[in-house]
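Colleague: Just to be clear, the model below is a prediction. Sequence and coordinates:
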Amino acid sequence: MTVLVTTGVYKSFGNHEVLKGIDFRVAPGEFAAIFAPSGSGKTTLLNILATVLKPDKGDVRINGKSVLKISENELNALRRDYIGYAHQSCKMVNSLTLADNLALPLLIKGAPKSESVRAANEIAGKLGLTSRLGKYPFQLSFGERKRAVIAMALCKKPRLAIIDEPTANLDDSNGRVVLELLDEFRKGNDAAVVVATHDERVREYADRVYFLHEGGLHADAE
Ligand SMILES: Nc1ncnc2c1ncn2[C@@H]1O[C@H](COP(=O)(O)OP(=O)(O)OP(=O)(O)O)[C@@H](O)[C@H]1O
């Protein structure tokens, strides 16, 4: 049983072939780490896994269905209910407080307001953001925004969480808090977690480690 499977995924921009036949899979409860040097196509790959970018060739199957063959409505439902994606750009809604940003994914999923607020408060507590809940995104540090977008990705309890550089912009101790939370999340929810990272500490948590190099995804030889 798998949450996500890609087969033979290719992606080019102009004549620059960035991904050259990516085969990847992740199962429920599994933590997969992709080590990727800057410019190797990490964001391109994560965007494809999260369904926000289409490959030129190959297939991406999520929850048993090819995301290239389902309707736009089904795709939106998949993104809303099944996938939590923390993109490296740390996008938040600038006109909403941190508390409202955190509650938003659950409200969009259709959860009652009380449940959304409770879940937002809970995850803010776990990530040391409680004192920042009333602040707007522009009032947050890079590290706080990083933790906020991870919280937004996880608070709706997706079956598939895709987190770009979970520990970037974080000090050692906050980085460790985030990695522990991701580990607890996948174990507690039988969810698949996929991260792209440069942080060697991620190896302690990952079931599978890959390298993205020259357009190919290679399993760790260790
Ligand atoms: N929309 C686009 N149009 C043209 N070229 C693009 C586009 N998106 C990415 N690229 C190119 O594809 C290559 C891989 O980009 P990508 O953003 O996936 O790299 P990355 O590994 O995430 O890098 P970084 O870690 O520095 O963000 C780069 O050479 C980039 O310039």
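Modeller: That came through, no problem. On a predicted model such as this, the values are computed, not experimentally measured, just so you know. Numbers count the residues shown, from 1 in each chain.
Colleague: any idea how far the ligand is from residue 176?
Modeller: Per Cβ to the nearest ligand atom, to the nearest Å, residue 176 is found 22 Å from the ligand. The C-beta positions use only the backbone N, C-alpha and C, and glycine is treated the same way.
Colleague: Just give me the neighbour total for that residue.
Modeller: 14 (other Cβ atoms under 10 Å).
Colleague: That one against residue 201, yeah?
Modeller: Yes. Taking contacts as Cβ atoms under 8 Å, residue 176 lies within contact range of residue 201: 7.2 Å.
Colleague: Check the secondary structure at the spatially most central residue of the chain for me.
Modeller: The structure's the chain has its C-alpha centroid closest to residue 162; by Cα atoms, centre = their mean the separation is 1.9 Å. Following DSSP: H, G, I helix; E, B strand; the rest coil, we place residue 162 in the strand state.
Colleague: Make sure it is actually in contact with residue 48.
Modeller: No. Look at residue 162 against residue 48 with Cβ under 8 Å: they stay out of range, at 10.2 Å.
Colleague: Return the residues of the protein in contact with the ligand.
Modeller: Applying Cβ under 6 Å from any ligand atom, one finds that the chain approaches the ligand through 13, 16, 18, 36, 38-44.
Colleague: Let me have those in CSV, adding pLDDT and secondary structure as columns.
Modeller: Formatted as CSV, the residues of the chain next to the ligand follow (pLDDT from 0 to 100; DSSP: H, G, I helix; E, B strand; the rest coil):
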residue, pLDDT, secondary structure
13, 96, strand
16, 95, strand
18, 97, strand
36, 92, coil
38, 88, coil
39, 89, coil
40, 92, coil
41, 94, coil
42, 94, helix
43, 94, helix
44, 96, helix
